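> I would like to see how this sequence folds:
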Amino acid sequence: MAEPVVSRADLMAYCRVDTDEGGDQLMALQSAAIDYLKVAGADHPDRPAYALAVKALVLHWYDHPDGGEAFSGGLRAVINQLKFS
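Okay, the predicted model is just below:
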């Protein structure tokens, strides 16, 4: 499993989740977000934008568990900035 970038408490606050079960799900989604950014070539955990991208991906996937929604333009821009830096 990937090492957490954002604390459980920070993810729960960012995603406005207040249950233990929701927190568990967010941590699982964080592992997926870290893997997604690595595969996308945007693996720069030393950059502040990386933590933002992880939180935004987690929130997106938490809000859209069916995967039917495209990433927002802002999230895509952050990922692209990390990818090409």
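
> how about the strands in this structure?
Assigned by DSSP state E, the chain shows no strands.

> show me where it dips below the pLDDT cut-off.
1-3 (pLDDT under 70).

> 90 - rerun?
Residues of the chain that meet the criterion pLDDT under 90 lie in 1-5, 20, 65-69, 85.

> where's the one residue sitting closest to the centre of it relative to residue 75, distance?
When C-alpha atoms, centre = their mean is applied to the chain, the residue found nearest the centroid is residue 54 (2.5 Å). For residue 54, the distance to residue 75 (C-beta to C-beta, to the nearest Å) stands at 11 Å. (Each C-beta comes from the backbone N, C-alpha and C, glycine too.)

> please apply the same query to residue 26.
Going from residue 26 to residue 75 by C-beta to C-beta gives 16 Å.

> more neighbours: the two, which one.
More crowded of residue 26 and residue 75, by other C-beta atoms under 10 Å: residue 26, with 23 against 17.

> in the chain, which spans are helices?
8-15, 20-39, 48-63, 73-83 (DSSP state H).

> pick the most deeply packed of these.
Using mean count of other C-beta atoms under 10 Å, the stretch among those with the largest mean neighbour count is helix 48-63, at a mean of 19.

> so residue 85 is in contact with residue 43, correct?
No - between residue 85 and residue 43 there is no contact under C-beta atoms under 8 Å: 10.9 Å.

> I'd say residue 69 and residue 62 touch.
No - if you go by C-beta under 8 Å, residue 69 and residue 62 don't touch, sitting 11.6 Å apart.

> contacts only, for residue 52.
residue 78 (C-beta atoms under 8 Å, 6 or more residues apart in numbering).
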